[in-house]
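Asks: here is a sequence with its predicted model. Questions after.
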Amino acid sequence: MKNEKIYDLIVIGGGAAGMMAAIVAAREKKSVLLLEKLSKIGAKLKATGGGRCNLTNTLENEEFMTKFGRNGRFMQDALKLFDHNALVGFFKEIGVDTHAPDGFRVFPTSHSSSTIIEALLGEIGRLDVEILTSQKVEKILHVDNCVSGVKTAEHLFHAKNVIVATGGLGYPTLGAEGDGHDMARELGHKVTELHPAMMPLHTKERWVENCRADTIAKVELRVAMKKHAKIRADGDLIFTKSGIRGPVVLDAARDLTPLLDKYGEVPILLNLTKGMNEEQILNHLKFQTAKNQHATTLELLSTLLPAPLSNELCLIAEVDPQAAYSKISGAQRAKLVRLLAWTPLTVTGHEGFKMAMITRGGVDLKDIDPKSMQSRVIKGLYFCGEIMNLDGPCGGYNLQWSFASGHMAGLLRKST
């Protein structure tokens, strides 16, 4: 069925980036149609941060961009227009109070993503943005290298501009299918390799399942491969039945999943003792021994780590956990201290995109103008959010980028 109306803009995708783009364009008095293939918009946003919705963080733009790696400078123009202060101000304007309880991560004071979605929907309604759900776009139409509209299974919609905000491949149950990447390729855009990111990881070692009761704070993770030794992450860690998860793992997974595809398994080292080195650990154990000469090795290690984890490390070091620490040999102590300073694990796999919060890879940034988010290939075509080859760590980075890029795209600036 053909819709004869010609819109100023069609936005494909009703996530954070798409909703922001629609709002910004409508505020500029543009006629906007928002198409979402699910029955409701904002499905993935609702799940963000475990439902608490970590909107952004308080880093200044320069440091913020470094967290995205070599592609981070691409964000410069978008962040100048819409940084974390502007985002907080925007939500204040539409009735959402925010705060940063830890001085870094910014949340709605309700700590509920529903608050954010309701406010965005309220603003979209106020601006008379037309929303059609259960509408999967199959093709972006163009004439003479200029956008002319989109085609769904049952309809043709005409527009002078189209913004693709379909996200990546993470959480397919929330609508991620990679259809935006397919459309971009069809129009001549390069799409880089796509990898699941920000997710739990499986390990070869099975002892981890005996340590599931506790969260280990302030863990440092390193890749134990000379060629990739610069890959590091910090944060809390949780052992699981099949491996590891927690913020440090989510951050590291962005770099580890491509390495898994390449090598099959990746050796890592974990500092589980809050940054203590071998000398500091040895001194700590000496001090504890002086307080109690008859303390078992397990009792002393448990002053540093939870007992189940301490027990497993003793077994790996071939030390009897119930033996008095003062009685074990110097070689055994050295082996145990080395293990406490850097515990080795071997990452062997993951659950794939079904458990991935974000996607590493996407539409090549060389094909997109950072000053407008407009395609360099097709006039009137814009991209925003996770569909692009740009991803950051945990802590509000990716949502801030979704909103900032959506804001820039919604201005419908024309590339020079």
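Replies: That came through, no problem.
Asks: alpha carbons only: can I get the helix or strand where Gly406 lies in CSV?
Replies: Take DSSP states H and E as the rule and Gly406 turns out to sit in helix 397-410. Output of helix 397-410 as CSV, limited to C-alpha atoms (Å, rounded to 0.1, in the frame of the first residue of the first chain):
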residue,chain,number,x,y,z
TYR,A,397,29.3,5.5,27.4
ASN,A,398,27.2,3.7,24.8
LEU,A,399,23.9,5.3,25.8
GLN,A,400,25.5,8.8,25.8
TRP,A,401,26.8,8.1,22.3
SER,A,402,23.4,6.9,21.1
PHE,A,403,21.8,10.1,22.3
ALA,A,404,24.5,12.4,21.0
SER,A,405,24.6,10.8,17.6
GLY,A,406,20.8,10.7,17.5
HIS,A,407,20.8,14.4,18.3
MET,A,408,23.3,15.2,15.6
ALA,A,409,21.5,13.1,13.0
GLY,A,410,18.1,14.7,13.9
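Asks: centre of the chain to it, how far?
Replies: Helix 397-410 sits 14 Å away from the centroid of its parent chain (Cα atoms, centre = their mean, to the nearest Å).
Asks: same check, this time on stretch 395-406
Replies: The mean C-alpha position of stretch 395-406 is separated from the chain mean by 10 Å, Cα atoms, centre = their mean.
Asks: stretch 7-15 now?
Replies: The gap between the average C-alpha position of stretch 7-15 and the chain average comes to 23 Å, counting by Cα atoms, centre = their mean.
Asks: straight-line length of it, end to end?
Replies: From the first residue to the last, stretch 7-15 extends over 20 Å; the measure is Cα to Cα, to the nearest Å.
Asks: buried set for it?
Replies: Neighbour counts using 16 or more other Cβ atoms under 10 Å place 7-15 of stretch 7-15 among the buried residues. From N, CA and C alone the C-beta is placed, and that goes for glycine too.
Asks: could I have the CA atoms of stretch 131-141 written out in PDB?
Replies: Provided in PDB are the C-alpha atoms of stretch 131-141 (Å, rounded to 0.1, in the frame of the first residue of the first chain):
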ATOM      1  CA  ILE A 131       4.800   6.400  15.200                       C
ATOM      2  CA  LEU A 132       4.100   3.100  13.500                       C
ATOM      3  CA  THR A 133       5.100  -0.100  15.300                       C
ATOM      4  CA  SER A 134       5.300  -3.700  13.900                       C
ATOM      5  CA  GLN A 135       6.800  -2.200  10.800                       C
ATOM      6  CA  LYS A 136       9.900  -3.900   9.500                       C
ATOM      7  CA  VAL A 137      11.700  -1.900   6.900                       C
ATOM      8  CA  GLU A 138      12.900  -4.100   4.000                       C
ATOM      9  CA  LYS A 139      14.600  -1.500   1.800                       C
ATOM     10  CA  ILE A 140      15.700   2.100   1.700                       C
ATOM     11  CA  LEU A 141      14.600   3.700  -1.600                       C
END
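Asks: and it, which residues are buried?
Replies: 131-132, 135-137, 140.
Asks: now those in a markdown table, with secondary structure and distance to Thr56?
Replies: Compiled in a markdown table, those are given as follows (DSSP: H, G, I helix; E, B strand; the rest coil; distance: Cβ to Cβ, whole Å):
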| residue | secondary structure | distance to Thr56 |
| --- | --- | --- |
| Ile131 | strand | 25 |
| Leu132 | strand | 29 |
| Gln135 | coil | 30 |
| Lys136 | coil | 30 |
| Val137 | strand | 29 |
| Ile140 | strand | 30 |
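Asks: can you list the residues you listed in TSV and add distance to Asn283 and pLDDT?
Replies: What follows is the buried residues of stretch 131-141, written out as TSV (distance: Cβ to Cβ, whole Å; pLDDT from 0 to 100):
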residue	distance to Asn283	pLDDT
Ile131	63	97
Leu132	66	96
Gln135	65	94
Lys136	62	93
Val137	63	95
Ile140	64	97
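Asks: farthest-separated two in those residues?
Replies: By the measure Cβ to Cβ, the buried residues of stretch 131-141 have their two most distant members at Ile131 and Ile140, which lie 19.0 Å apart.
Asks: still on that earlier bit, pick the one among the buried residues of stretch 131-141 closest to Asn71.
Replies: Lowest distance from Asn71 to the buried residues of stretch 131-141 (Cβ to Cβ) belongs to Ile140, with 24.1 Å.
Asks: so which elements touch the helix or strand containing Gly89?
Replies: Gly89 is part of helix 84-93 when elements are defined by DSSP H and E. Counting contacts by 3 or more Cβ pairs under 8 Å, 6 or more residues apart in numbering; DSSP states H and E, helix 84-93 packs against strand 56-57, strand 98-99, strand 105-108, helix 397-410.
Asks: where does that helix sit relative to the chain's centre, distance-wise?
Replies: Centre-to-centre, helix 84-93 and its host chain are 21 Å apart (Cα atoms, centre = their mean).
Asks: now that helix: average pLDDT?
Replies: Per-residue pLDDT values over helix 84-93 give a mean of 98.
Asks: any idea of the angle it forms with helix 397-410?
Replies: Comparing the axes of helix 84-93 and helix 397-410 via axes from the mean of the first three to the mean of the last three Cα atoms, to 10 degrees yields an angle of 80 degrees.
Asks: alpha carbons of helix 84-93, in CSV - could you do that?
Replies: Output for helix 84-93, consisting of C-alpha atoms alone and laid out as CSV, is shown next (Å, rounded to 0.1, in the frame of the first residue of the first chain):
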residue,chain,number,x,y,z
HIS,A,84,26.6,14.7,29.3
ASN,A,85,25.6,18.1,30.6
ALA,A,86,23.4,18.7,27.6
LEU,A,87,21.8,15.3,28.0
VAL,A,88,21.1,15.9,31.7
GLY,A,89,19.6,19.3,30.8
PHE,A,90,17.5,17.7,28.1
PHE,A,91,16.0,15.2,30.4
LYS,A,92,15.4,17.8,33.1
GLU,A,93,13.5,19.8,30.5
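Asks: domains in this protein, as residue ranges please.
Replies: When the chain is parsed with automatic domain parsing, its domains come out as 2-194+362-410, 196-273+347-352, 278-344.
Asks: and Pro267, what element?
Replies: strand 266-271.
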